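Show me the folded form of this:
(chains A and B)
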Amino acid sequence: MRTLRNWIIVGAGCAAAVLASFGGVSAESIEGSIQASQSTDAHAESNQKDHYWRVWNGALPERRDEGNHDDLLAVLTGKFTGPPIGCTFRFRGGALDPSTLAARTGTQVRVENRDAFTHQLAVDGLAGFTPLEAGPGKARVISVPAGGPWELSDRIYGHVDGYLHSMRELVACASVTSSGKFRFDDVPPGPYSLRVLRGAEQVAVRRVTVPAGKALQVDAIALSKSGRK
Amino acid sequence: MLSRLWYLVLALAVGAALAGAFLNKSAASREAEFQLEEQLRRDRVEAELWMRLDARLRLDALASIAVEPEVRQTLRSSSGRAGTPNTGARRRLSIKLNVLNAELEEGRGDMVFAVDTEGEVVATLDKNPPDSEQLGKMPLVRDALRGFMRDDVWVYNGEVYRMAARPVFDGGRYVGAIIHGMKIGDDLARRLGAKLPDASLVFFYRDELIAAHSGGATALTSTELKGVLPAAIASMTEGGDSIEVGERARAIVGPVRGGAAHAQVGYLIGRKGSTVGLGGLFANTFKEDVASLPWLVVIGIPLLLLVLGLALLYMEHDKGVLILSKSAESLANGEQNSLPAGELRRHYRKIAEHLNEALRSGVGFKEDAKQRASVDLDHILNATRESADTGYFGYPAAEAPTAKQVAVEEASKDEPKPPSQAKMAPIGTRAAETVETARPQRSPSSRPKRASSWPSRASSTHRPVAAAIRHNEESMTPAPDDPPTRPNALLDDYDGFDEPEENTQVKHVPQSLLEASAPGVQGEEMHFREVFDQFVATQRECGAPVNGLTFEKFVRKLHAARDQVMKRHKASEVRFTVYVKEGRAALKASPVKQ
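Residues are numbered from 1 along each chain as shown, chains lettered A, B, ... in the order given. Take a look at the predicted model:
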């Protein structure tokens, strides 16, 4: 088994060398970030010393933490026939990470359980998908037809939610960190559309061209509040 | 009538009591079922409150961990941009957590986590496998990291835990949280069950029991509760009404509040209801209930009704029976000759009146009537014989003297013997003796056939009674076997006069007979004439001689017989009929009452 793996790695390396020598396709990276939202008032409020006291007593609403981008997913779409890059998803910390999923139409998406909680993933409206328990270390595979997006839920933990998008020209996926940064690795050079998904919506889109031989740095992307761009 | 009404009242009272008992039973059953459901609802509320209180106590207990300096410093160093602490610091914190958790005693957790502000697990108990490095997305942890204390339920590594989380505050900001979990097991069920006397309790995770506690030997078992688990889970989603476990047993379901409620984690409380039968109506009666009964009413009214009923019964029945009994006894003793109908009421009066009427009319049993008829006949015959010595009525006895012989004997006396002397003699024996002594010895050839025809007549008890008056010794007809016992019949054979020279001679004709033949009774005389004519004609038809039989003689005998029959039967009239018996004419006397 180990020998076969070594042979595969060697073969892949040889193929890359051949492609590079003939000036063909190379794998590059794309880095970018999400522009932070303007919420000065909230910051001002949250910086007050009595913030928690005011929240506990109802003077301030309970809000999500600033910089939480668990529900964001950055994807590249374009002309690429290879398997989607980086489109693997998981349960981590008690919920989907990220909670927005994307898969190429007609393929399968794999959701791994990386925490100690037992989850039972359900995809509302997706025919043929049966909710089954997936304990720690297990995974569920979802066949993704055309259509969507579909809402995801957990039959055990009600706080778990998410959305699954079916994209015909999906090339790569990248999660957004709590600081708002994302990174695509091993992306072939070429023109792509950089899209940011939040829940059932697409909140940002930008056309990018990945040059050969160097990484692409994308300017900060401003997210629309709602609506598909 | 009143006593019958009393029976009706009694029946209605019994019916009402039974109906009340059954209605009370039904009402008690419904009430018991309602009480059982209410008790189960109270149990569920009790369980909810207890678990909340228990969570609150655990949160309070977590304060001893959250304020620990080593915990705060380690989490501070791990939170934010300070980076993850080194392995040694995390190891020391884990040891500290073990110590602090052990100090919680009853509230010590089965798993304890110390997480930084990013939700990363910095330290945990030794026994907890480091399966999870990140818990920040769990609502419990997220809220704790934002400063809230809360509790929850987790399904962690396949087991169900009751969770509690408390933030760790250091240097004016939150640096992490302490996550505390207690596994739901039999110990928890036992502690909760202690708050619910006589109730059985199970915790379940979907269709699996994860903890159980039985309320006692008579309480529901965990197996019985597991049998209704699917229905309980369905009920939990529909509102949580109680469900029937078995006969007079119900259970109520409740979810364990928290994030894992969607995983169908809950508890089931079961109870058995009290038995409610006709006997069970008093099963839950206490001494205080008995003591509070209005005994004066409970006992006094039935006693009063009893006395009233007995009084009515005595007035209407017992009194009449008593009077009738005493009167009948007096009647039997001859102390009175009738029943006191005037002292009686209603049907007892009618009975007395009917009996009095029967007594006046001389009605008796049929057997007695037969016996009396024979006696009457004897009297008649005796009277006839005593008065006339000869006649047409009576029973021939082999030893009986002929009328002529009697007449000759009495004619030879200076004074005739009073008829009462003959009557005073015992009927039968005396007549026989009289006849025996008066009759001359006859040659056996004179009555060869008759003597042989009734060989048992000599020993018959009836034979002496029959005092046949014969006109001719040779024509004396033996009496049939039953002549005197025929009811309402005066029966005799007329033997005819086969020897004219031995015509019957009447020595003495009573004055009564002469009076009876007075012109005032011409209608009767016509009847006698008809009877005589029929008798003579019948005799002739039978080939029997009628020589010497005159109407005057015949009438005298009829008069005598008539008087006796009228006296005996209190009849106003006597009718004679002629019939043929054993080849000869015979007469039958029938009393006619008005």
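
any idea how far B:Leu312 is from B:Asn86?
Distance of B:Leu312 to B:Asn86, given as CB to CB, to the nearest Å: 108 Å. (Glycine included, C-beta is placed from N, CA and C.)

Settle it for me: which of those two has more neighbours?
B:Leu312 (17 against 10; other CB atoms under 10 Å in any protein chain shown).

Does the more buried one touch B:Trp6 like I think?
Yes: counting by CB atoms under 8 Å, B:Leu312 touches B:Trp6, with 5.5 Å between them.

can you tell me which residues contact A:Asp186?
Each residue near A:Asp186 by CB atoms under 8 Å, 6 or more residues apart in numbering or on different chains is listed here: A:Ala27, A:Glu28, A:Ser29, A:Ile85, A:Gly86, A:Ala172.

And for B:Asp116?
For B:Asp116, the contact set (CB under 8 Å, 6+ apart) comprises B:Leu75, B:Ser78, B:Ser79, B:Val122, B:Val175, B:Gly176.

Would you mind listing where the stretch 451-594 of chain B has pLDDT under the threshold?
Flagging of the stretch 451-594 of chain B using pLDDT under 70 yields the residue ranges B:451-522, B:594.

Also chain A?
Chain A contains residues with pLDDT under 70 at A:1-4, A:9-26, A:36-52, A:55, A:61-67, A:225-229.

make it 50
Scanning chain A for pLDDT under 50 picks out A:16-24, A:40-45, A:228-229.

ranges for the helices of it?
Ranges of helices within chain A are A:2-21, A:40-46, A:51-56, based on DSSP state H.

host element of the closest residue to B:Ile184 other than its chain neighbours?
Leaving aside its sequence neighbours, B:Ile184 sits nearest to B:Val160 (CB to CB, 6 or more residues apart in numbering or on different chains; 4.6 Å). Per DSSP states H and E, B:Val160 falls inside strand B:159-170.

quick one: average pLDDT of stretch B:185-195?
Stretch B:185-195 shows a mean pLDDT of 90.

And that stretch, what's buried?
Using 16 or more other CB atoms under 10 Å in any protein chain shown as the test for burial, stretch B:185-195 gives B:Leu188, B:Ala189, B:Leu192, B:Gly193.

any chance of these in CSV, with secondary structure and distance to A:Ala95 too?
Putting the buried residues of stretch B:185-195 into CSV (DSSP: H, G, I helix; E, B strand; the rest coil; distance: CB to CB, whole Å) gives the following:
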residue, secondary structure, distance to A:Ala95
B:Leu188, helix, 27
B:Ala189, helix, 30
B:Leu192, helix, 31
B:Gly193, helix, 35
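
which one among those gets closest to chain A?
When the buried residues of stretch B:185-195 are ranked by distance to chain A (CB to the nearest CB), B:Leu188 comes first, at 20.1 Å.

From B:Ala194, how far out is the closest one?
Per CB to CB, B:Leu188 is found 11 Å from B:Ala194.

repeat for A:Ser224
Distance from A:Ser224 to B:Ala194, by CB to CB: 58 Å.

Can you tell me the strand partners of the strand holding B:Val160 and which way each runs?
strand B:150-156 (antiparallel), strand B:173-183 (antiparallel) (DSSP bridges).

Can you tell me which of these is nearest to B:Asn356?
Shortest distance between B:Asn356 and the strands paired with strand B:159-170, using CB to CB, is found for strand B:150-156: 100.6 Å.

Looking at the stretch 201-350 of chain B, what residue ends up closest to chain A?
For the stretch 201-350 of chain B, CB to the nearest CB, closest residue to chain A: B:Ala263, 4.0 Å.

for the closest residue to that residue other than its chain neighbours, what are its contacts?
Spatial nearest neighbour of B:Ala263, chain neighbours left out: A:Ile156 (4.0 Å); criterion: CB to CB, 6+ apart. Shown in contact with A:Ile156 (CB under 8 Å, 6+ apart): A:Phe117, A:Thr118, A:His119, A:Gln120, A:Glu133, B:Val155, B:Ala260, B:His262, B:Ala263.

Just the buried residues of stretch B:26-45, please?
By 16+ other CB under 10 Å, the buried positions in stretch B:26-45 come out as B:Ala28, B:Ser29, B:Ala32, B:Glu33, B:Leu36, B:Glu37, B:Gln39, B:Leu40, B:Arg41, B:Asp43, B:Arg44.

For my notes, confirm the last one occurs in a helix.
Yes: with DSSP: H, G, I helix; E, B strand; the rest coil as the criterion, B:Arg44 is located in a helix.

I'd say it and B:Ile252 touch.
Yes: using CB under 8 Å, B:Arg44 is in contact with B:Ile252, at 5.3 Å.

Pull up the gap between B:Thr124 and chain A, please.
Distance of B:Thr124 to chain A, computed by CB to the nearest CB, to the nearest Å: 11 Å.

what's B:Ser200 sitting at in phi/psi?
Dihedral pair for B:Ser200: phi -100, psi 150, per degrees, to the nearest 10.
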